[in-house]
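Enquirer: Next input, structure requested:
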Amino acid sequence: MKKIYLAVMTCLVFVNLAQGQALQNVTSAGDTTNYLIRITGANIPFTLTGPGLELGYLSGTGFLQTYNRTTTAFLPLALNGATITTNSRTLIANATDDGSTALQVNGGASLTKRLYLNAAIEGNNIFQYGSHLEFHNTRFTGGMAMTIGQNNSGLIQAFSSSAMDGSLLLNPNGGKVGIGTASPDQVLTIKGGGIGFDGTSSDKKLYSPVDGTLEWYTNNNAGEHGFALSHQGTRQVYLNTYGNSYIIGGNLGIGTKAPQSLLAVNGTITAKKIQVTANGWADFVFDEHYQLPTLAEVENFIKANKHLPEIPSAAQVEKEGQDLGAMNKALLQKVEELTLYIIRQQKQMDAMEARLKAVEKQ
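Expert: Numbers count the residues shown, from 1 in each chain. Down below sits the predicted model:
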């Protein structure tokens, strides 16, 4: 009865195979270590030639493979629409078993869509058609997501269980980050461009056009061209240096957008001390060869011009402003000339007083 049952089952196996195929048990007689069941693409029973699907047991290890024994080459094995379940670990491409990891791959892994770790959810993924990879912590309260969109746009996010609001740290314990370069020489090195800010990044950016120059770039149509530094929400600029600071090139305006000189201030300057250099000084007045103008000459000049000699007129100052160094020099010249006039008058008064006393004695 048992022999009849086995014969019936063998017939059923051959009947259920597609026409032109053969089921072969090619195990050698008496071999209790190696077993092989083979399905070939042609009706050639009990042979080990050509391609076939093989299910075997070799030296204590089971295997499933597609193999061409004529060319001794492994063929692709397609598992279409299948769900593979294992109660142990899966090793791919001769990976070394570490004794704990469920899936171990010796080499790279190519993904066509998404890879989820620890049953990760996609979260607030902004790419509808792309590759997505998520790493979660053990409590599933947060993690990191990396996504590549269909237009080759990339996204790296750190997220909590409810929103993409986690902190993203790059090399917190050392190392360098390069953007546009594979060899960063600073903690953050950017090559090939600048840093774009809110608005049109091509119109508002911070970059280095040449070595040694850091430039804040805006175009002529920008609403504000300046670079504001804020302190607690108020636009204030603090510059603390331990060396010399300088501005070279162009005019600097304070309170004005149209400076006409190296430094133009539209307002009041408050200072404890202002030092102005001048070319020469007015001490030439005391030279013995200096020709001191007579008071009559000075009077005639004042009547004709309505201002002192060597002193600019009110109209000239209003139009051109005044040079503090030149003005102090001119005013000192007038003070020194006035001093000489007083000394001369004092000598004349002393002489007149001496003559008066001589007349009184007579």
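Enquirer: What's opposite the most centrally placed residue in the chain in the beta bridge?
Expert: Taking Cα atoms, centre = their mean, the centroid of the chain lies closest to I195, which sits 4.9 Å from it. Note on I195: beta-bridge partners L206, judged by DSSP bridges.
Enquirer: That one reaches K205, doesn't it?
Expert: Yes. Using Cβ atoms under 8 Å, I195 makes contact with K205 at a distance of 6.1 Å. Yep, even glycine has a C-beta here, placed from its N, CA and C like the rest.
Enquirer: Give me the buried stretch members for the host helix or strand of M144, please.
Expert: For M144, the host element (DSSP states H and E) is strand 142-149. Neighbour counts over strand 142-149 (16 or more other Cβ atoms under 10 Å) mark G142, G143, A145, T147, G149 as buried.
Enquirer: Now do the contacts for F284.
Expert: Y290 (Cβ atoms under 8 Å, 6 or more residues apart in numbering).
Enquirer: Do you know the pLDDT at it?
Expert: Note for F284: predicted pLDDT of 92.
Enquirer: One more: T138?
Expert: Confidence score, pLDDT, at T138: 67.
Enquirer: how about stretch 255-268: buried residues?
Expert: Buried, per 16+ other Cβ under 10 Å, within stretch 255-268: P259, A264.
Enquirer: okay, that stretch in CSV with CA atoms only?
Expert: Provided in CSV are the C-alpha atoms of stretch 255-268 (Å, rounded to 0.1, in the frame of the first residue of the first chain):
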residue,chain,number,x,y,z
GLY,A,255,23.7,110.0,7.3
THR,A,256,24.1,110.5,3.6
LYS,A,257,24.1,108.2,0.5
ALA,A,258,26.0,110.7,-1.6
PRO,A,259,29.4,111.4,0.2
GLN,A,260,31.5,114.0,-1.6
SER,A,261,34.7,113.2,0.3
LEU,A,262,36.5,110.3,1.9
LEU,A,263,34.3,110.8,5.0
ALA,A,264,31.0,112.7,4.9
VAL,A,265,28.9,113.2,8.0
ASN,A,266,25.4,114.7,7.7
GLY,A,267,25.0,115.7,11.3
THR,A,268,27.0,116.4,14.4
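Enquirer: Pull the residues that contact that stretch.
Expert: Counting by Cβ under 8 Å, 6+ apart, N251, L252, G253, I254 sit against stretch 255-268.
Enquirer: just to revisit the earlier point, any idea of the mean pLDDT for the strand holding M144?
Expert: If you average the pLDDT over strand 142-149, you get 76.
Enquirer: Which other helices and strands does the helix or strand just after that strand contact?
Expert: Next along the chain after strand 142-149, taking DSSP H and E as the criterion, comes strand 154-160. Judged by 3 or more Cβ pairs under 8 Å, 6 or more residues apart in numbering; DSSP states H and E, strand 154-160 is in contact with strand 142-149.
Enquirer: if we can go back for a sec, now the strand holding M144 against strand 154-160, angle please.
Expert: Orientation of strand 142-149 against strand 154-160 (axes from the mean of the first three to the mean of the last three Cα atoms, to 10 degrees) gives an angle of 160 degrees.
Enquirer: just checking, what packs against strand 142-149?
Expert: On the basis of 3+ Cβ pairs under 8 Å, 6+ apart, strand 142-149 makes packing contacts with strand 130-136, strand 154-160.
Enquirer: So in that sheet, which strands flank it, and in what orientation?
Expert: Strand 142-149 has these strand partners (DSSP bridges): strand 130-136 (antiparallel), strand 154-160 (antiparallel).
Enquirer: Tell me the gap between the biggest helix by length in the chain and the middle of its chain.
Expert: In the chain, with assignment by DSSP state H, the single longest helix is helix 324-361. Remark: helix 324-361 is offset 73 Å from the chain centroid, using Cα atoms, centre = their mean, to the nearest Å.
Enquirer: How about stretch 253-260?
Expert: Distance, centroid of stretch 253-260 to centroid of chain: 32 Å (Cα atoms, centre = their mean).
Enquirer: Endpoints of it, how far apart?
Expert: 8 Å (Cα to Cα, to the nearest Å).
Enquirer: pLDDT averaged over that stretch - what is it?
Expert: pLDDT averaged over stretch 253-260 gives 90.
Enquirer: Give me the domain ranges for this structure.
Expert: Taking automatic domain parsing as the reference, the chain has its domains at 2-84, 102-169, 188-233, 282-361.
Enquirer: can you list these in a markdown table and add distance to A95?
Expert: What follows is these, written out as a markdown table (distance: least, Cβ to Cβ, whole Å):
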| stretch | distance to A95 |
| --- | --- |
| domain 2-84 | 14 |
| domain 102-169 | 4 |
| domain 188-233 | 36 |
| domain 282-361 | 84 |
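Enquirer: Would you map the helices across this structure?
Expert: Using DSSP H, helices in the chain cover 2-16, 295-305, 314-320, 324-361.
Enquirer: List the buried residues of the longest helix of the chain.
Expert: So, applying 16+ other Cβ under 10 Å, buried residues of helix 324-361: K329, A330, Q333, K334, E336, E337.
Enquirer: Show me which pair in those is furthest apart.
Expert: K329 and E337 (12.7 Å; Cβ to Cβ).
Enquirer: Poorly predicted segments of this protein, please.
Expert: 1-33, 41-48, 111-130, 138-140, 149-152, 162, 198-203, 222-225 (pLDDT under 70).
Enquirer: give me every residue that touches L64.
Expert: Here L64 is in contact with L53, E54, L55, G56, L77 (Cβ under 8 Å, 6+ apart).
Enquirer: out of everything not next to it in sequence, what's closest to G154?
Expert: Excluding the flanking residues, the one nearest G154 by Cβ to Cβ, 6 or more residues apart in numbering is I148, at 5.6 Å.
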